[in-house]
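In: Predicted structure and sequence below. I'll ask about it afterward.
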Amino acid sequence: MGITLFVLLFSIGMMVLLATLLKIEKIQAPIFAAGVALLVVFDFSLLSLDKIYFLHQEQDQTFLDNQQAYDERISAQLELYKNLTNIQLGIALQALSQNTKQQTEEDIQQKLVWRDQLLLQMNTLGFEESNMLDVNEKINSSVLKYLMESLNKQVRQTLGHRIYSEFVRTRPRSEWTDELFVKELTLYLNKQQLMDKKTEYNLKRLNEFKTSGVLIPQDIQPKSQDSAAKGN
């Protein structure tokens, strides 16, 4: 708009000047015609540049508007996907926490694979850290439950029902927690010199998972030794 106004005023001024010079015979008609022609070319050039500038500006703005609209659509789709994933995630975690069937080593390994993949996807989609911590905690709790059950089973086999019951009755049932049970059991087995390799390894798996969230491989060597002992 500014260039257009400048060209208009400049052209009017020059036309008045040329017409005045022609009238007072300071210039001849051919010079007047040449001046008018140059003025027309000059005006056309400036106005064309002005038009091209605004055309590019309009195209740039259209591109930016389209890009913004695309970004908004993508953001809306991601938000919808996150909401749907949250719903599916809640259902899956609820089913996981209510799962009462006997878990196997393969079940636990699969849960950990699922945990890592799920956390990676949640991080990519920009889920809040609290949601990711909740997923990690619930899946890890399920694994810890399996490891505690495995430890209990192993200790009962190692100590026998009578000694195991005596140990458990050293405290009221309401006082026992998983952490306290592991601590007191470790002290008891070491003090009574009843710690065997298999129980020690189960304790190692449990403590390592609680610390790092990594499940070390199941040790089959003690089992082989037990079998050999039975064969003898």
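Out: Perfect, thanks for sending it.
In: okay, Gln117: pLDDT?
Out: On pLDDT, Gln117 comes in at 82.
In: That one and Ser212, how far apart?
Out: Relative to Ser212, Gln117 is positioned 18 Å away (Cβ to Cβ, to the nearest Å). C-beta: built from backbone N, CA, C; applies to glycine.
In: What of Gln68?
Out: For Gln68, the distance to Ser212 (Cβ to Cβ) stands at 44 Å.
In: Which helix or which strand is home to Gln103?
Out: Gln103 belongs to no helix or strand when assigned by DSSP states H and E.
In: Tell me which residues touch the closest residue to it other than its chain neighbours, please.
Out: Nearest non-adjacent residue to Gln103, counting by Cβ to Cβ, 6 or more residues apart in numbering: Tyr146, 4.7 Å away. Applying Cβ atoms under 8 Å, 6 or more residues apart in numbering to Tyr146 gives the contacts Gln103, Asp107, Ile108.
In: So among the residues you listed, which ones count as buried?
Out: Buried by 16 or more other Cβ atoms under 10 Å: Gln103, Ile108, out of these.
In: Would you convert the contacts of Tyr146 into a markdown table that also reports distance to Asn190 and pLDDT?
Out: Formatted as a markdown table, the contacts of Tyr146 follow (distance: Cβ to Cβ, whole Å; pLDDT from 0 to 100):
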| residue | distance to Asn190 | pLDDT |
| --- | --- | --- |
| Gln103 | 29 | 78 |
| Asp107 | 31 | 82 |
| Ile108 | 27 | 86 |
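In: Regarding the residue nearest to Lys204 when sequence neighbours are not counted, what is its secondary structure?
Out: In space, and not counting its chain neighbours, Lys204 is closest to Ile216: 7.1 Å by Cβ to Cβ, 6+ apart. Classification of Ile216 using DSSP: H, G, I helix; E, B strand; the rest coil returns coil.
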